[in-house]
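Visitor: All I have is the shape, not the residue letters:
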């Protein structure tokens, strides 16, 4: 248990620190794809996916472990991914983003996180077992894209790497606007870690390496998976309610580490501050957290479980879930941002 606690906390703390300092939240990235036609964060996500895919399949080829993706629960993935996408816009952050923003002192993220964790736990309760089983009955035989098409996974990895490199190089060639920065107060490593602006692509490279490292660390504890946020978040609530030690695993210490790492990063950079939200924002955060918990559980993964890990494992669940997650973000963005602006514009035009 000591090894599980230590490696889980360390891996989570690294992830939380990097995500907080790199401001790596997929909610804003997916929203910007629609509102600002800016794909920067999406390309960064592809970099993290590609690095993890190369790393994990290298470990599999070396005989370190084997992984079977099982069946593809297509209905749950589609419905859950779409609902989760709507929820993260309302909550103001994706699953990991909510954890690291809670570590920054945002009360709204605390509310969203509590609702997300509670709903995830309820969705895993025996009371909803029949619903989950019925939803899972809509599936195809193979979840693995390589198994479905009878091809080597390395062909998909090569294609993923080539497309990612091409998109990243094209993005880096675009002119960038100079961003004003305050005079440096720190020097050396402290300046690089806590003051210097982190490029999304550099952040993604580190996240991809952490995601790869998570696999052997997690497997050493008896848990055959990499990074994951939803199930561990639900396990915390289940343990607090039931008190059964079976709910305490490597993933639980991972998410607690994310909070700890984000807190350290926020304190070191001077960004930690308790900030309360107004009543309307708090209610929306709570509703968003509920949708996040329902959607992530139904889809079998959140922005990390499906969007980063299952995509890297070249599964239909990962890529289809990611696509519908993005569609959900765009839907909520239209309703919460585009629609009100158009109404204001119409009123101004008719005045």
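Guide: Looks like it arrived, so ask away. Worth saying up front: this structure is predicted, and the values here are computed from it rather than measured.

Visitor: Residue 232 is in contact with residue 247, isn't it?
Guide: No - the criterion here is CB atoms under 8 Å, and residue 232 misses it with residue 247 at 9.1 Å. (Each C-beta comes from the backbone N, C-alpha and C, glycine too.)

Visitor: Those two - which one has more neighbours?
Guide: residue 232 (26 against 21; other CB atoms under 10 Å).

Visitor: Please report how far the more buried one lies from residue 279.
Guide: Distance of residue 232 to residue 279, computed by CB to CB, to the nearest Å: 30 Å.

Visitor: now swap in residue 261 and tell me
Guide: Plainly put, residue 261 is 31 Å away from residue 279 if you go by CB to CB.

Visitor: Ok, residue 86 next?
Guide: Applying CB to CB to residue 86 and residue 279 gives a distance of 21 Å.

Visitor: Which of the three states applies to residue 290?
Guide: Of the three states, residue 290 takes helix according to DSSP: H, G, I helix; E, B strand; the rest coil.

Visitor: show me what contacts it?
Guide: 87, 115-116, 119 (CB atoms under 8 Å, 6 or more residues apart in numbering).

Visitor: Please tell me which one of those residues counts the most neighbours.
Guide: Neighbour counts for the contacts of residue 290, by other CB under 10 Å, peak at residue 116, which reaches 36 neighbours.

Visitor: give me phi/psi at residue 297?
Guide: Backbone torsions of residue 297, given as degrees, to the nearest 10, read phi -70, psi -40.

Visitor: rewinding a little: which one of residue 86 and residue 279 has more residues nearby?
Guide: Neighbours per residue, other CB under 10 Å: of residue 86 and residue 279, the larger number sits with residue 86, 24 against 7.

Visitor: what helix or strand is the more buried one on?
Guide: In this assignment (DSSP states H and E), residue 86 forms part of helix 74-91.

Visitor: which residues touch the helix or strand that that helix is followed by?
Guide: Of the helices and strands lying after helix 74-91 in sequence (DSSP H and E), the nearest is helix 95-104. Around helix 95-104, the neighbours that count as contacts under CB under 8 Å, 6+ apart are 15-16, 19-20, 24-27, 88, 91-93, 109-110, 112-113, 116, 229-230, 233, 255, 258-263, 265-266, 271-273, 289, 292, 296, 302-305.

Visitor: How about stretch 6-13?
Guide: Where contact means CB under 8 Å, 6+ apart, the residues beyond stretch 6-13 that reach it are 210, 213-214, 217-218, 220-221, 250-261, 264.

Visitor: Low-confidence stretches in the stretch 151-300 of the chain?
Guide: Along the stretch 151-300 of the chain, segments meeting pLDDT under 70 span 177-182.

Visitor: residue boundaries of the helices in it?
Guide: Assigned by DSSP state H, counting those that start in this stretch, the helices in the stretch 151-300 of the chain fall at 153-172, 188-194, 200-220, 230-242, 250-269, 279-299.

Visitor: how about those, which one is nearest residue 65?
Guide: Minimum separation from residue 65 across the helices of the stretch 151-300 of the chain (CB to CB) falls at helix 200-220, 5.4 Å.

Visitor: contacts for the closest one?
Guide: The set of residues external to helix 200-220 that reach it, using CB under 8 Å, 6+ apart, is 3, 7-8, 11, 14-15, 18-19, 21-22, 24, 40-41, 43-45, 47-52, 55-56, 59, 64-65, 168, 172, 224-227, 250-251, 254, 308-309, 312.

Visitor: Looking at the residues you listed, which are in helices?
Guide: Under the assignment DSSP state H, the contacts of helix 200-220 contribute 3, 7-8, 11, 14-15, 18-19, 21-22, 40-41, 43-45, 47-52, 55-56, 59, 168, 172, 250-251, 254, 312 to helices.

Visitor: Now do the contacts for residue 145.
Guide: Per CB under 8 Å, 6+ apart, neighbours of residue 145: 153, 156, 314-316, 319.

Visitor: now the ones in helices among the contacts of helix 200-220: which count as buried?
Guide: The neighbour count (16 or more other CB atoms under 10 Å) marks 7-8, 11, 14-15, 18-19, 21-22, 40-41, 43-45, 47-52, 55-56, 59, 168, 250-251, 254, 312 as buried among the ones in helices among the contacts of helix 200-220.
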